[in-house]
Every structure is written in structure tokens, then in C-alpha cells.
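**Student:** Give me coordinates for this.
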Amino acid sequence: MKIDVCFSPALYPVYHNPEAIVVVVDVFRATTTMAAAFSNGVRSIRPVATVEEAEAYKAKGWLVGAERNVKRCSFADFGNSPFDYTAEKVSGKDIVFTTTNGTRAITIAKSAFRVITGAFINLQAVAGYCVRHKRDVVVLCSGWQDKVNIEDTLFGGALTDALLNTSLYEAGSDAAVIARDMWTGNKANLLAYLDTTDHMGRLKANHLEDAVPYCLTLSITDKVPELSIEGDTLILC
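**Tutor:** Got it, this is the predicted structure:
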């Protein structure tokens with residue numbers, strides 16, 4: 001079996017494998033937030049690609065999390081911070097969720113064999129999921145507006161490292177090797193390595209960097225959100 005890393009949604013057409021598990025990752029912060037919400041008892045999350053779709057759900061009475069350019073949308077109940085989705089607010093609830101990059105990546109990958117969401121906080125659970133299903137794996141990095149980012153690539157490297165260490169997987173391309181090398185060279189101090197990155201700059205400029213240490217914490221939940229499709233509706237559960 002092979003593990004590969006797609007650095008940007010713009011590259012996904014050349015990585016698409018209909019028989020593979022696609023692990024969508026948006027470390028800062030969508031997929032971290034999803035894993036946190038499920039850890040706190042959310043029943044389901046409906047990822048939608050556009051603000052307009054989210055607003056339409058809100059008009060129907062749904063709870064909505066919505067973010068664009070790191071900021072919470074004015075109509076939304078929640079933003080894109082894992083700290084927004086406390087057990088008191090989300091346990092047993094169904095939520096609609098849209099973000100700048102992560103939810104769009106999920107819609108792009110929806111035709112794969114399985115689509116799950118990964119983050120550092122559920123890294124080992126994601127690795128275990130992949131091993132149990134015995135399928136090729138493609139990590140789809142959400143990036144930033146189709147550009148490559150470091151934090152998602154680091155997660156791709158971490159998952160590549162975990163799967164290669166099982167001896168059941170091999171690297172699918174140079175991209176997986178690059179990502180793994182980035183991870184192994186910097187895993188001892190992720191916060192310092194990421195401190196000057198583009199997305200950290202955006203978070204700091206908007207005073208939203210409080211969630212970063214949490215986003216970089218390894219394997220603190222066993223929740224692995226998995227995509228199902230009902231008609232035209234995408235549902236993570």
C-alpha cells in the first residue's frame with residue numbers, strides 16, 4: 001500500500017485515486033476544530049463550501065460555524081476555533097460548517113473510497129483507521145487559497161512517518177518523502193518552526209493564535225470524522 005501527500009487542492013486531480021482513503025487536513029484550524037467538536041459530543045457536521053450555503057442553513061434554524069480569512073462570519077453561531085465547540089454548546093447537536101480552505105477540500109475529495117479528516121490531535125487514530133482499512137492513502141492538504149502551507153504538509157509528513165513505520169506502506173511519491181523529512185526534522189519543536197509561517201501571521205494579526213498550541217498537540221482524541229453522502233448533502237459523523 002502507498003501513502004502520498006498532495007500539497008494543495010489545486011494539485012488534487014493528479015493525486016485522485018478512487019480506491020484510496022483521502023485524509024483532508026487543515027491544521028489551522030478546520031480539521032482540528034472538527035475533531036475537537038466530535039470529542040465534545042457533536043452528532044454530525046455538514047461541511048459546505050460557500051458562505052451562501054451556510055447562510056441558507058442558518059435561515060432554516062441550523063447551528064452554523066462559519067469563517068473566512070480566519071475571522072468568524074457575522075451570521076454564525078461559531079467561528080473556526082476548537083475552543084468554540086464546547087460540550088455545553090455542541091453535545092448531541094448537528095452543525096453546518098464552512099471555512100476558507102478545509103471544507104472546500106472535503107468537497108473536492110468527496111468521490112474517493114473514503115474521506116476522513118485528520119489533525120495532529122487525532123493523528124494516531126487516523127493512522128489506525130488507515131491500517132484497518134488496508135487501502136492506499138492520500139493526504140490532501142487544504143493549504144491556503146490553493147497555495148501550499150507548512151502546517152498541513154507537516155501533518156502529511158507525520159502520517160507518512162506513522163504509516164511507513166508499520167512496514168505496511170511505502171511512499172507514493174517524492175511529495176511523501178519531502179513531507180516526512182520536514183516532519184522528522186522539526187517535530188521536536190513544531191511551535192518554533194511554525195512561528196514565522198504565513199498562517200501564523202494571519203492568526204497573530206487577528207489575535208487568534210491562542211488555539212495554536214492545542215492544534216499542535218499530538219493524539220489527544222480517538223475521534224476520526226468520516227464523510228458520508230446523502231443525496232447531495234455531505235455529512236461528517
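**Student:** Pull stretch 99-106 out as CSV, backbone CA atoms only.
**Tutor:** Output of stretch 99-106 as CSV, limited to C-alpha atoms (Å, rounded to 0.1, in the frame of the first residue of the first chain):
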residue,chain,number,x,y,z
THR,A,99,-14.2,27.6,6.3
THR,A,100,-11.8,29.3,3.9
ASN,A,101,-9.9,26.2,3.0
GLY,A,102,-10.8,23.0,4.8
THR,A,103,-14.4,22.5,4.0
ARG,A,104,-13.7,23.2,0.3
ALA,A,105,-11.0,20.5,0.3
ILE,A,106,-13.6,18.0,1.7
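**Student:** contacts for that stretch?
**Tutor:** Applying Cβ atoms under 8 Å, 6 or more residues apart in numbering, the set of residues contacting stretch 99-106 from outside is 9, 12, 24, 26, 29-31, 34, 47-49, 66-70, 80, 97, 115, 117, 140-145, 227, 234, 236. Glycine gets a C-beta too; all of them are placed from N, C-alpha and C.
**Student:** and what of stretch 71-81?
**Tutor:** 29-30, 33, 51, 54-55, 58, 63-67, 70, 84-85, 89, 95, 98-99, 206, 208, 210-211.
**Student:** Stretch 183-201 too?
**Tutor:** By Cβ under 8 Å, 6+ apart, stretch 183-201 touches 28, 120, 144, 149-151, 154, 156-158, 160-161, 209, 212-213, 216.
**Student:** ok, now stretch 109-119?
**Tutor:** For stretch 109-119, the external contacting residues (Cβ under 8 Å, 6+ apart) are 12, 16-27, 30-32, 34-35, 102, 106, 126, 129, 133, 135, 138-140, 155, 159, 215, 224-227, 229, 234, 236.
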